[in-house]
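**Student:** output the structure for:
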Amino acid sequence: MIPTVAVPALSSYHWLGIPIAMAGAVLLALGTLFQHRAVEDQPAARGRAAGSMGGGRLQALLGKPVWLGGTAMIGAAILLQLTSLRFSPLIVVQPIGAVALVVTTVATALTTRRSPGRRALTSVALCVAGVGAFVAVAAVSAEDVEISDRHLITILVVLGVVLAALAVAYGRWRRRWGAIVYTAAAGILFGFVAALAKTVIARLFQGDFEWLSLTCLAGLVIAALSGTFLVQTGHTRGSSELVVAGLTVIDPLVAVTIGITILGEADSAPPLAFIAFLLAGATAIAGVILLATVKKVPTTRAA
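**Tutor:** Reported below is the predicted structural model:
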């Protein structure tokens, strides 16, 4: 087992992960917006019957340049996110994805020529304020650690339990799920994707990439594919702002929880930092819940 060695988050080149993560968040927002537009334009996506992503609908989306372009942007965003994880601790860069919520809200307002409304703006402000405060505290108190076998095994076991629970819940209650449930489930899985990506990248640069790291890579792929399916279904049930809000808040909350409780990236943080983490997280979640209550208006494309 590799001994855990902590390195202050903002020492040396570690700060580079922050602007890289911000660039990835912008691409994530635009890609999600394009995907949502393509799904919304599907005739079969309208109405209550559009509760899932069937094979025929997916095949139709693969023929839409807008959806493919959005997918390419999301792919680029993932690469940037992985790069940021190479430089900075998970609990510093993952919450920066909240920038995507701002970009999505502004872009939607411009393309539809509709004001987001006071409630939507308030919810976005809560999300960004909560996540921004979290990143600010994490940036000065987090530390990068070497990844041991214990870290990998613990994350894989927890992921297995989560996947099993989501599979059972999906099989029994998917017809009752709304956009926020699909998005929350996807956010949970993408939080594990980020955590597993961090561990795999760290092990690679530690020169300790073996079968256990490969198992983590397999778990990452399974979680990513499952999360992508849930996101696409979420697009058929709610607004793009809600989908992005859920992903950019729930995803980092899960990843940060893993970073703190399993990886130990905040072991040197003072007690006040943990109080700040809880308050900031609660603020961000309140923003997502408020956004879920915003009534979706018909889209009018800008000429």
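**Student:** so for stretch 272-286, what's the average pLDDT?
**Tutor:** Taken as a whole, stretch 272-286 has a mean pLDDT of 88.
**Student:** so how far is that stretch off the chain centroid?
**Tutor:** 18 Å (Cα atoms, centre = their mean, to the nearest Å).
**Student:** and what of stretch 83-96?
**Tutor:** Counting by Cα atoms, centre = their mean, stretch 83-96 comes out at 12 Å from the chain centroid.
**Student:** now it: average pLDDT?
**Tutor:** If you average the pLDDT over stretch 83-96, you get 85.
**Student:** and if you look at stretch 201-214?
**Tutor:** 88.
**Student:** which residues are contacting it?
**Tutor:** Residues from elsewhere that reach stretch 201-214 (Cβ atoms under 8 Å, 6 or more residues apart in numbering): Ile2, Leu82, Leu85, Arg86, Glu146, Ile147, Asp149, Leu152, Ile153, Thr199, Val200, Cys216. (Glycine included, C-beta is placed from N, CA and C.)
**Student:** let me see the contact set for Thr32.
**Tutor:** Per Cβ under 8 Å, 6+ apart, neighbours of Thr32: Gly70, Ile74, Ala100, Thr104, Val231, Ser240, Val243, Val244, Leu247.
**Student:** check contacts around the fourth one.
**Tutor:** This points to Thr104. Ala29, Thr32, Leu33, Ser240, Glu241, Val244.
**Student:** which one is the fourth one nearest to, not counting chain neighbours?
**Tutor:** For Ser240, ignoring the flanking residues on the chain, the nearest one in space by Cβ to Cβ, 6 or more residues apart in numbering is His36 at 3.8 Å.
**Student:** element containing that neighbour?
**Tutor:** Assessed by DSSP states H and E, His36 sits inside helix 17-40.
**Student:** now do Asp144
**Tutor:** Element membership of Asp144 [criterion: DSSP H and E] is strand 143-145.
**Student:** show me what that strand pairs with in its sheet, parallel or antiparallel.
**Tutor:** Strand 143-145 sits in its sheet next to strand 6-8 (antiparallel), going by DSSP bridges.
**Student:** can you map out the helices along the protein?
**Tutor:** For the chain, the helices defined by DSSP state H cover 17-40, 55-62, 65-87, 90-93, 99-112, 118-141, 149-173, 179-206, 211-235, 240-261, 271-292.
**Student:** please identify the most buried of those.
**Tutor:** Mean neighbour count (mean count of other Cβ atoms under 10 Å) peaks for helix 90-93 among the helices of the chain, with a mean of 32.
**Student:** show me what it packs onto, helices and strands only.
**Tutor:** helix 17-40, helix 65-87, helix 118-141, helix 179-206, helix 240-261 (3 or more Cβ pairs under 8 Å, 6 or more residues apart in numbering; DSSP states H and E).
**Student:** can you pull the contacts of Gly187?
**Tutor:** Going by Cβ under 8 Å, 6+ apart, Gly187 touches Gly227, Gly246, Leu247, Val249, Ile250, Asp251, Leu253, Val254.
**Student:** Throw these into TSV and include pLDDT, thanks.
**Tutor:** Converted to TSV, the contacts of Gly187 look like this (pLDDT from 0 to 100):
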residue	pLDDT
Gly227	92
Gly246	75
Leu247	81
Val249	77
Ile250	85
Asp251	86
Leu253	82
Val254	90
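**Student:** just curious, which of those is nearest to Pro271?
**Tutor:** Of all the contacts of Gly187, Pro271 sits closest to Leu253, with 19.9 Å by Cβ to Cβ.
**Student:** in contact with that closest one: list those residues for me.
**Tutor:** Leu253 touches Gly187, Gly191, Gly281, Ala284, Ile285, counting by Cβ under 8 Å, 6+ apart.
**Student:** out of the contacts of Gly187, who's nearest Leu272?
**Tutor:** Taking Cβ to Cβ as the measure, Leu272 sits nearest to Leu253 out of the contacts of Gly187, at 19.5 Å.
**Student:** one step back: and the angle from the helix holding His36 to helix 65-87?
**Tutor:** Orientation of helix 17-40 against helix 65-87 (axes from the mean of the first three to the mean of the last three Cα atoms, to 10 degrees) gives an angle of 160 degrees.
**Student:** could you measure from Leu163 over to Ile285?
**Tutor:** 23 Å (Cβ to Cβ, to the nearest Å).
**Student:** now flag whichever of the contacts of stretch 201-214 is closest to Ala167.
**Tutor:** Nearest member of those to Ala167, counting by Cβ to Cβ, is Cys216, at 19.8 Å.
**Student:** for that closest one, give me its contacts.
**Tutor:** Cys216 makes contact with Leu152, Ile155, Leu156, Leu196, Thr199, Val200, Arg203, according to Cβ under 8 Å, 6+ apart.
**Student:** could you rerun that using 10 Å?
**Tutor:** Shown in contact with Cys216 (Cβ atoms under 10 Å, 6 or more residues apart in numbering): 147, 151-153, 155-156, 159, 195-200, 203, 209.
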